[in-house]
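Predicted model and sequence below, questions to follow.
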Amino acid sequence: MKQSIKFKNGEIDIAGNIFLPEDFNTTNKYPAIVIGHPAGGVKEQTAGIYASKMAEKGFVTLAFDASYQGESGGLPRNTENPSARVSDISAAVDFLTTLTYVDSEHIGGIGICASGGYFVAATKEDKRIKALVTVSGVDIGQMYHEGWNGKGGTVNIQEILKAVANQRTAEAEGAEPIFLNWLGDRNPEYGKEATDGYDYYRTERAQHPNSTGAFLLTDLSRLINFRAFDRIESLLTQPLLVIVGSEANSKWNSDYLYANAGSKIKEYFIVDGANHFDLYDIPQYVDQGIEKITQFFGNNL
């Protein structure tokens, strides 16, 4: 059963979907899971898939649109603001603690792609999140420095920062914002993972009208300066499950997270044959992750 809800992050209305277990009873107390979407995504895509499947396993789950994105409020639209993304997560936990049927001592998180990094950042500071799972998780800020595959940055950081500064000055003088997009054209020369990413967001596979892929040029300075995995050796102490595909070019993020997290309980689950985007929605890979997540939260939430 799915219910549309809204909650507040400061002055911004956050839109979400709550999924309830099949045998749901308002007099019971259920463990709950907050689930975040990738950069450029919305709650109706992979976050909704994981939320629905984990509700089938007996959890109350909440998938939501980030501030400034999807059906959530906030201006300018399509802003990708790391600090807002992190605070959204704690605001979602706030909301869950108000529900009489949620056991507020048993709330977990699932972060997918960029929200994997955002959930790490939130979990470091919000100890109400009792256990964390990342799926194809990335530290989006560090990727600007290390590149998608971790083999070196492909952009000139200083030139980007100068361009952002110039654009901010121009906008202060009345210029229109400039929007970029997380996705380029579909080009098979970039390899299967790149084309899978395009197909996920731009074809019937998972396209959604609220998932435009747009973000602001001026977001880049915040993204470049953001480090989700900073001080995880001392601040990330909750039980951790890292899930990644063996063929994901972004796998180096998961390697680093697992190796350096301070969690005394941590597991690394590699899905053989899967790339970064396969874990979003391909049943043969997602279902492996769901079974592992169910076991992990059953033991640690």
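All right, it came through fine.

From now on I want contacts and neighbour counts done on CA atoms only, so please keep to that.
Fine.

Quick one: end-to-end distance for stretch 207-225.
30 Å (Cα to Cα, to the nearest Å).

in that stretch, what counts as buried?
For stretch 207-225, burial by neighbour count (16 or more other Cα atoms under 10 Å) applies to 207-208, 210-224.

can you pull out the strands in the stretch 51-200 of the chain?
Using DSSP state E, counting those that start in this stretch, the strands found in the stretch 51-200 of the chain span residues 60-64, 102-112, 129-135, 179-181.

just these: most buried one?
Neighbour counts (mean count of other Cα atoms under 10 Å) averaged over each of these peak at strand 60-64, with a mean of 30.

what is the rounded mean pLDDT of that strand?
On average, the pLDDT along strand 60-64 is 98.

who does it pair up with?
Next to strand 60-64 in the sheet, as set by DSSP bridges, lie strand 12-19 (antiparallel), strand 30-36 (parallel).

what bits of the stretch 151-300 of the chain have low per-residue confidence?
Across the stretch 151-300 of the chain, the ranges flagged by pLDDT under 70 are 189.

now with 90?
151-155, 183-194 (pLDDT under 90).

Tell me where it has helices.
Taking DSSP state H, counting those that start in this stretch, the helices of the stretch 151-300 of the chain run over residues 157-172, 192-202, 219-225, 232-235, 251-260, 278-281, 283-300.

Now do the third one: which elements does it pack against?
Applying 3 or more Cα pairs under 8 Å, 6 or more residues apart in numbering; DSSP states H and E, one finds that helix 219-225 contacts helix 140-146, helix 157-172.

deepest of those, which one?
helix 140-146 (a mean of 21).

Render the CA-only coordinates of that one in PDB, please.
Extracted C-alpha coordinates of helix 140-146, given in PDB (Å, rounded to 0.1, in the frame of the first residue of the first chain):
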ATOM      1  CA  ILE A 140      29.600  13.000  -5.700                       C
ATOM      2  CA  GLY A 141      32.000  15.800  -4.700                       C
ATOM      3  CA  GLN A 142      35.000  13.600  -4.800                       C
ATOM      4  CA  MET A 143      34.100  12.300  -8.200                       C
ATOM      5  CA  TYR A 144      34.700  15.800  -9.700                       C
ATOM      6  CA  HIS A 145      38.300  15.400  -8.500                       C
ATOM      7  CA  GLU A 146      38.800  11.700  -9.200                       C
END
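
Tell me the buried residues in stretch 251-267?
Buried, per 16+ other Cα under 10 Å, within stretch 251-267: Lys251, Trp252, Asn253, Ser254, Leu257, Tyr258, Asn260, Ala261, Gly262, Ser263, Lys266, Glu267.

of all the residues you listed, which comes closest to Thr79?
Distances from Thr79 to those, taken as Cα to Cα, are shortest for Asn253 (23.5 Å).

Please report the number of neighbouring residues for Leu75.
Residues near Leu75, counting by other Cα atoms under 10 Å, number 11.

Now do the contacts for it.
Tyr68 (Cα atoms under 8 Å, 6 or more residues apart in numbering).

Quickly note the distance from it to Phe215.
12 Å.

How about Val155?
17 Å.

returning to that earlier point: so which of the strands paired with strand 60-64 has the densest surroundings on average?
Highest mean neighbour count among those (mean count of other Cα under 10 Å): strand 30-36, a mean of 27.
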